[in-house]
Structures are given as structure tokens and as C-alpha cells.
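> prediction below, plus the sequence it came from.
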Amino acid sequence: MRIQELLETPIPSADTDDLAQIHSPDARTIGHGQEAQVIKNKSNPNVFKITGIESELKNFGYMQYVLLSRKYSGVNPYFPKVVSIKQTPQGEPGRVAYIVQMEQLDGSGTLTREERIPLAQRLFYGEDLEEILAYEKKGHSVFEYKIEKAVNAGPTRAAKFVKDRQFLQAINLIHLVKKNTGATIDMHDANYMIRRGDQGPQVVLTDPIAN
């Protein structure tokens, strides 16, 4: 997979409906991270992420991750589902902000003990899984730390304690963006979220990259 191919795909300009939803009285800010502000319009089941102003997409690690998410979310559940990506001019020529519409998810802190244990058993193995289960018995959680550890480790080292192949694929692509842009890994419990569905809770890596 060549990231260059994703960068060459034209990103359309935001239309009046996008801007109206963002600036509507029904819209409110529900989150603000290092790379994007999160806006929720109560008439829309999704959320909008508004990035900071950039001129060079080839150096913008976070947006490269968003482009990867749009490509892979249909086959890898660790990526957020991206509905649309638009851009809007900001100030001097060539500088834009990106408007990303994506699925709304639950915070990582909403996981219950009953959900964490089978999720940990699906993701991890060996001493790391044993440590998670031992802490759960004491009423504590280190699940969040293990997610952070796995993403930071990179695919080769993570394969020593991560057994979910799709999780490893996501980690590999995150580190590909890091290598391609010089961005940093920014993985902690506020930068992954939970998708709930018929198959149980799913970890979604929403914001693992920072410029």
C-alpha cells in the first residue's frame, strides 16, 4: 500500500450543508484534541472533526491516518469509519482546514470489567494477558496501558504479546504514517474509543498520530 496514492486523491471543498451543520445553533463542541476539534450536531448521527490549518498534506500525519482509515475501515474494525473528508480555505492561498465526518463512538472509559476481560483475551496473550487478568481480579484495570504499549511498540515487538492480526495491521499502518511524515505516536486512553455492536465492544484507534 502506497500512501502517495491516497495523497493524490482529490479532496473536495466543503459545501454549504457541511458548514451549516458545523455552525448551526444545534452544533456544540464535544471534544478538543491536539489535532482536531470535535463537533456534534444533534440532527446528525456522526461527528465532525475540524483540523488545524495546514498547507502540506504530505507532511500532515494525522490527516494521512484519516485517509488510511477511510480506505481500511471497511475491512479492519480498529479504524474509525470515515463518512467524508472535505477542505475549506483558511487565510493565505494554499492553507486549508480539513472537515472530517466520522462515526460517533463511546469513550474508552465506558468499558466495564465484564467487557474488558473478553476483549483482552481476544487482543492479547502471554504475560501481558495474565497481568491484565490479575489486575482485574484485584478490581483494577491495566487494559488501557496495554493498548498504549502495543501501539507504541510497533508491529514487530507488539506481535510478541498481541494475537489479533487486524490490531497488528493497524499498528503497522500507524507506524508507516510516522515514518512517512515524521509525526509522533500519541496513544493514550483519550485517543482510542469504543464501538459497540452485535459482536460486543470493539477498540477503535481514533487519534494515534500527532504532528
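Sure, I can see it. Treat the numbers as computed from the prediction; the structure is a model and nothing was measured.
> next up, the contacts around the closest residue to residue 172 other than its chain neighbours.
Of all residues not flanking residue 172 in the chain, residue 155 sits nearest, at 4.1 Å (CB to CB, 6 or more residues apart in numbering). For glycine as for every other residue, the C-beta is placed from the backbone atoms N, C-alpha and C. Contacts for residue 155 (CB atoms under 8 Å, 6 or more residues apart in numbering) come out as 168, 169, 171, 172, 175.
> got the residues you listed as CSV, with secondary structure, distance to residue 120 and pLDDT columns?
Below are these laid out as CSV (DSSP: H, G, I helix; E, B strand; the rest coil; distance: CB to CB, whole Å; pLDDT from 0 to 100):
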residue, secondary structure, distance to residue 120, pLDDT
168, helix, 16, 98
169, helix, 19, 97
171, helix, 16, 98
172, helix, 21, 96
175, helix, 22, 96
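> would you map out the domains in this protein?
As given by automatic domain parsing, the domain ranges for the chain are 3-106, 107-210.
> rank the ones you listed by pLDDT, which is bottom?
Note on the domains of the chain: domain 3-106 shows the lowest mean pLDDT, a mean of 91.
> what is the end-to-end distance of that domain?
Start-to-end span of domain 3-106 (CA to CA, to the nearest Å) is 29 Å.
> residue 39 touches residue 32, doesn't it?
No. Applying CB atoms under 8 Å, one finds residue 39 not in contact with residue 32, separated by 9.8 Å.
> hmm, back to that, which single one of the contacts of residue 155 is nearest to residue 90?
Distance to residue 90 across the contacts of residue 155 (CB to CB) is lowest for residue 175, with 29.6 Å.
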